[in-house]
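> here is my input, please return the structure:
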Amino acid sequence: MKRISVICGFLMSMCLSAQKIEVLNFATFHMGKTPDAVKVSFDPQSEKSQKEVFEIAKLLAEFKPTVICVELVPAENEKIQNDYHSFLKNKNHKAAYEGEVSLLAYQIGKLANVKKIYGIDEQETGQYNYRIGDQLKNQVDNITYKRFITTFIEGFKKQENLSVKEKLIDYNKESTLQDLIIANADILTYVSTAGHFEGADEAAKYYRRNLRMYSNLNQIPLSENDRVLIISGATHAAFFSEFLKRSPKYQSVNVFDYLK
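Residues are numbered from 1 along each chain as shown. Presented below is the predicted three-dimensional model:
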């Protein structure tokens with residue numbers, strides 16, 4: 001009986017696993033204007049850059065997504081849909097959204113015949129001061145933050161001469177995603193004055209923003225047959241990667257099955 005119970009439990013878990021919605025969580029740099037401290041050199045008007053991004057679009061379109069999520073707020077979903085459908089109908093349409101939304105998401109959508117593109121960004125959690133480690137005086141530990149951030153920025157500067165594809169391959173590596181969570185949130189827990197939590201409180205704001213973005217994803221109407229592609233800034237993708245690992249609803253797909 002015990003053996004039968006174990007087998008039944010195993011089969012049930014396999015069935016539940018099979019019902020999960022597949023998600024391809026793609027990390028990118030911002031291909032347009034961005035307030036981010038670390039910016040990637042990229043000219044969206046360059047024909048060379050556009051061709052490089054289109055090659056990435058063709059690779060990701062092989063995932064055959066039915067839904068694409070981008071880093072725009074849900075309040076703009078109607079505008080996004082209208083803009084996307086105008087793009088599909090008119091090859092000369094000037095997209096309302098620049099950067100990775102029009103250069104990557106729209107192109108993938110066209111190639112894969114995607115009907116819906118949703119925004120899942122969140123911007124209402126208040127001002128997030130990611131530079132507090134450079135500003136706060138009388139810190140208990142004035143070494144750990146500065147040492148890590150200096151090394152982190154130096155690492156990104158080494159990417160300047162890489163192709164778009166090479167940069168995106170590096171962005172999607174597990175080691176890079178982990179470093180991005182540290183650089184944008186966890187490292188701030190080392191920034192404080194005695195008895196206070198200045199850095200941790202700023203990090204909490206960023207955790208909250210990403211949790212809310214994930215909640216926005218969870219509010220999109222999806223069926224078991226949907227295949228979801230998320231295109232977002234690499235730090236958001238890093239958080240999503242962690243959330244997806246523990247999800248009872250989604251099955252994370254390996255980016256490098258497509259980004260070859």
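> what residue ranges in the chain score low on pLDDT?
Residues of the chain that meet the criterion pLDDT under 70 lie in 1-18, 32-45, 125-126.
> at 90 what do you get?
Residue ranges of the chain with pLDDT under 90: 1-19, 30-50, 91-92, 98-99, 123-128, 130, 155-163, 260.
> in it, what residue spans correspond to helices?
Here the chain has its helices, by DSSP state H, at 2-18, 47-61, 77-89, 100, 106-112, 132-135, 144-157, 164-171, 174-184, 198-218, 234-245.
> so residue 63 is in contact with residue 253, correct?
Yes: if you go by Cβ atoms under 8 Å, residue 63 and residue 253 touch, sitting 6.9 Å apart. Heads up, the C-betas are built off the backbone N, CA and C, glycines and all.
> overlap of the contact sets of these two?
Both residue 63 and residue 253 are contacted by residue 24, under the criterion Cβ atoms under 8 Å, 6 or more residues apart in numbering.
> what are the phi and psi values for residue 120?
The phi/psi pair for residue 120 (degrees, to the nearest 10) reads phi -130, psi 10.
> quick one: it and residue 143, what's the gap?
The gap separating residue 120 from residue 143 is 37 Å, by Cβ to Cβ, to the nearest Å.
> compare the two (neighbour count), which wins?
The neighbour count for residue 120 versus residue 143, taken as other Cβ atoms under 10 Å, is higher for residue 120 (24 against 9).
> who's in contact with the nearest residue to residue 152 once chain neighbours are set aside?
Nearest residue to residue 152 in three dimensions, chain neighbours excluded: residue 183, at 4.9 Å (Cβ to Cβ, 6 or more residues apart in numbering). Neighbour list for residue 183: 148-149, 152, 235 [criterion: Cβ under 8 Å, 6+ apart].
> ok, now how distant is residue 183 from residue 148?
7 Å.
> do the same with residue 253
From residue 253 across to residue 148, the span is 31 Å (Cβ to Cβ).
> ok so, going back, could the helices of the chain go into JSON lines alongside distance to residue 257?
Shown next, in JSON lines, are the helices of the chain (distance: least, Cβ to Cβ, whole Å):
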{"stretch": "helix 2-18", "distance to residue 257": "18"}
{"stretch": "helix 47-61", "distance to residue 257": "10"}
{"stretch": "helix 77-89", "distance to residue 257": "25"}
{"stretch": "helix 100", "distance to residue 257": "20"}
{"stretch": "helix 106-112", "distance to residue 257": "15"}
{"stretch": "helix 132-135", "distance to residue 257": "37"}
{"stretch": "helix 144-157", "distance to residue 257": "26"}
{"stretch": "helix 164-171", "distance to residue 257": "13"}
{"stretch": "helix 174-184", "distance to residue 257": "14"}
{"stretch": "helix 198-218", "distance to residue 257": "21"}
{"stretch": "helix 234-245", "distance to residue 257": "15"}
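> pick the most buried one from those.
Ranked by mean neighbour count, these are led by helix 100 with a mean of 24 (mean count of other Cβ atoms under 10 Å).
> now what about that helix, what contacts it?
Contacts for helix 100 (Cβ under 8 Å, 6+ apart): 28, 30-32, 53, 70-71, 231.
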